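# give me a 3D structure for the following:
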Amino acid sequence: MYGGGYRDVVYLHYYEGYTVPEIAEILGKNVNTVYTRLTRARGLLRRTLGGDDDA
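Numbers count the residues shown, from 1 in each chain. Here you go, the predicted structure:
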């Protein structure tokens with residue numbers, strides 16, 4: 001999967017409203033893995049969309 005699973009995490013969190021622990025259970029991943037993927041996805045989106053560096 002492109003993005004190392006970031007798409008699923010972003011979709012479930014921002015569009016479906018699940019919490020990180022809920023996403024971890026849904027995907028069968030460690031909670032810390034989900035937090036890491038969400039953080040990395042935000043960084044990728046920020047760079048891709050040209051967001052502020054101080055956000």
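# going forward, measure contacts between C-alpha atoms and count neighbours the same way
Fine.
# distance check, the residue nearest the centre of the chain against Asp8.
The centroid of the chain falls nearest to Leu38 when counting by C-alpha atoms, centre = their mean (2.4 Å). Distance of Leu38 to Asp8, given as C-alpha to C-alpha, to the nearest Å: 10 Å.
# what number of residues lie near Thr33?
12 (other C-alpha atoms under 10 Å).
# what's the closest non-adjacent residue to it?
Take Thr33 and drop its neighbours on the chain: the residue closest to it by C-alpha to C-alpha, 6 or more residues apart in numbering is Ala24, 7.9 Å away.
# so that neighbour is in contact with Thr36, correct?
No: between Ala24 and Thr36 there is no contact under C-alpha atoms under 8 Å: 11.4 Å.
# state the helix or strand in which the residue lying closest to Gly5 once chain neighbours are set aside lies.
Of all residues beyond its chain neighbours, the one nearest Gly5 is Arg37 (7.2 Å), with distances taken as C-alpha to C-alpha, 6+ apart. Using DSSP states H and E, Arg37 sits within helix 31-49.
# buried ones in that helix?
The neighbour-count check on helix 31-49 (16 or more other C-alpha atoms under 10 Å) flags 31, 34-35, 37-38, 41 as buried.
# what about the protein, any weak spots by pLDDT?
Along the chain, segments meeting pLDDT under 70 span 1-4, 51-55.
# recalculate using a threshold of 50.
Across the chain, residues meeting the criterion (pLDDT under 50) sit at 1.
# re earlier: hang on, isn't the residue nearest to the centre of the chain packed against Tyr11?
No: contact criterion C-alpha under 8 Å: Leu38 and Tyr11 do not qualify, at 10.1 Å.
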